[in-house]
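[1] what's the 3D shape of this:
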Amino acid sequence: MIKDTINSYYNEAKSLRQAIHQEPEIAFEEVKTNQKIRAFLDKHQISYVSGIAKTGILATIEGSLPGKTILLRADMDALPMDENPNNPFASKIPGRMHACGHDGHTAALCLAGATLNQMKSELKGTVKLLFQPAEEADGGAEPMIKAGVLEGVDMAFGAHLWGSSPSGKVYFKKGAMMASPDNFMVKVKGVGGHGSKPQVAIDPILIASQIVIALQTIVSRQVSPLEAVVISVGKMHGGTAPNIIPEEVVLEGTIRTLNNEIRAEVPNKMKNLVEGIAKSYGGHAEFTYLPAYPVLVNNADVTDIAYNAARNFLSPDQIEFLEHPDMGGEDFAYIAQAVPSTFMYLGIMEDKPISHHHPDFHFNDKHLKILSELLVQCVLEANQ
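    Next up is the predicted model:
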């Protein structure tokens, strides 16, 4: 019956996904996306509140029978990049692209919502559908939580389409599943001069280069080898000409950790190292730590519920527990901090791996059916 209901709404959800894909919008600018979702909810007579954290939506489906309140979450935002125009239903907006599957998350949640709404007469408890802005950039989950979207919620489920995993396979993980994706910036200040007379200058490029190398000693020598830590410098800027030693060099990078205690320690270790190296060369360095999302930690009991839900409609070879966490970040972590939750991956790879955040990112719409049924089954399993 669930599959039949999903199939009956599939073409509508597929059209919604493609429409959202063609008009992608970045963090907190998802105005047209919001309108498309509201049109879908209105058609299916699902009540909602819009304008939460600017563009977010919280829809509610009240079951006829008593039970728990379950929240299902999808993110809506796109990325500030150009899409390959040869992709199917490619973006019509220059510099904007759904390159991470959020259009699919949104459409699948709508499809799950329409299915659950059709089942209201036999549905236990309450289902809340959370359409969240700004996962990619500024973290829309936190302001939505502050606005009260988790009030009365007993547990929450989220999922991500995953391009490096086989099509139709669902992955679970108890405990830490994704890292905290914090960032940092280092300003190295020296004394500028002519490139032919480095002895009368203090070269910030040399100092910055030493810092880049030395930062890896934190990973290899100052943190237990049993702990996962990544420090990567992704941006280094300084200088105006090949024969001028500049006054300043700026480094920017990311810190990934899976342990909140380690997360708190690493920035201080970095600050001490950065300042010490700069001082030893006669320069000065300013270290700025830019915290982002917390570690995404899945609740063991809720993960078991999701696993059992998947078993209700998938074969054993389509279900797997991950051995290791992923060092990517996800702001569903804020939800998981606040209420018992779990986050899942659904594989979309068919012939070859699909790279997220790439101009050629594209997946088959058939995965909307699997993702929506997974979310529906999670609701039903949670209220057994």
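
[2] which ones are touching L322?
    171-173, 177, 345 (CB atoms under 8 Å, 6 or more residues apart in numbering). The way it works is simple: take the backbone N, C-alpha and C, and place the C-beta from them, glycine included.

[3] which residues touch the closest residue to V191 other than its chain neighbours?
    Nearest residue to V191 in three dimensions, chain neighbours excluded: I202, at 4.1 Å (CB to CB, 6 or more residues apart in numbering). Under the criterion of CB under 8 Å, 6+ apart, the neighbours of I202 are 190-191, 281-283.

[4] what's the most distant pair in those residues?
    Of all pairs drawn from these, the greatest distance, 10.7 Å, lies between V191 and Y281 (CB to CB).

[5] And those two? Which one has more around it.
    The neighbour comparison of V191 against Y281 (other CB atoms under 10 Å) goes to Y281, with 17 against 14.

[6] Enumerate every residue touching that one.
    Neighbours of Y281 in contact, by CB under 8 Å, 6+ apart: 190, 202-203, 206-207, 210.

[7] out of these, who's nearest E25?
    Looking across the contacts of Y281 and measuring by CB to CB, the closest to E25 is I207, at 41.1 Å.

[8] I'd assumed the closest one was in a strand, is it?
    No. Counting by DSSP: H, G, I helix; E, B strand; the rest coil, I207 is located in no strand; its state is helix.

[9] so it sits right up against E275, yeah?
    No. Assessed by CB atoms under 8 Å, I207 is found out of contact with E275, at 10.9 Å.

[10] distance of D138 from D77?
    9 Å (CB to CB, to the nearest Å).

[11] ugh, typo on my part, it should be P225
    Applying CB to CB to P225 and D77 gives a distance of 36 Å.

[12] Counting neighbours, go ahead and name the busier of those two.
    D77 (28 against 9).

[13] Show me the helices in the stretch 151-300 of the chain, by range?
    204-217, 260-280, 300-311 (DSSP state H, counting those that start in this stretch).

[14] quick one, which of those is nearest to K124?
    Going by CB to CB, the one of the helices of the stretch 151-300 of the chain nearest K124 is helix 300-311, 13.6 Å.

[15] who does the closest one touch, helix- and strand-wise?
    Packing contacts for helix 300-311, counted by 3 or more CB pairs under 8 Å, 6 or more residues apart in numbering; DSSP states H and E, involve strand 155-166, strand 170-172, strand 319-321, strand 341-349, helix 367-382.

[16] The nearest residue to V31 once chain neighbours are set aside and K189: what is the separation?
    Spatial nearest neighbour of V31, excluding adjacent residues (CB to CB, 6+ apart): T55 at 6.2 Å. Remark: distance between T55 and K189 (CB to CB) = 40 Å.

[17] again with K3
    63 Å.

[18] which residues does the most centrally placed residue in the chain contact?
    Against the mean C-alpha coordinate of the chain, by CA atoms, centre = their mean, the closest residue is E330 at 3.2 Å. Contacts for E330 (CB under 8 Å, 6+ apart) come out as 135, 160, 178, 293, 296, 343.

[19] cool, W162 as well?
    171, 345-349.

[20] Tell me the bridge partners for it.
    In this entry, W162 is beta-bridged to G347, by DSSP bridges.

[21] Let me see the domain layout of this structure.
    Residue ranges for the domains of the chain, per automatic domain parsing: 2-179+295-382, 180-290.

[22] For the shortest one, the averaged confidence score.
    The predicted model gives domain 180-290 an average pLDDT of 97.

[23] Identify the residue spatially nearest to D182, adjacent ones excluded.
    I255 (4.5 Å).

[24] between the contacts of E330, which is nearest A107?
    For the contacts of E330, the nearest to A107 is H160 (14.0 Å; CB to CB).

[25] Could you measure from that closest one over to F332?
    For H160, the distance to F332 - CB to CB - is 8 Å.

[26] And for G101?
    Counting by CB to CB - G101 and F332 are separated by 14 Å.

[27] sorry, back to before: so which of the helices of the stretch 151-300 of the chain comes closest to A13?
    helix 300-311 (19.6 Å).

[28] what angle sits between the closest one and helix 367-382?
    Comparing the axes of helix 300-311 and helix 367-382 via axes from the mean of the first three to the mean of the last three CA atoms, to 10 degrees yields an angle of 120 degrees.

[29] And the helix or strand hosting I70, what's buried?
    With secondary structure defined by DSSP states H and E, I70 is part of strand 65-75. By neighbour count on 16 or more other CB atoms under 10 Å, the buried set for strand 65-75 is 67-75.
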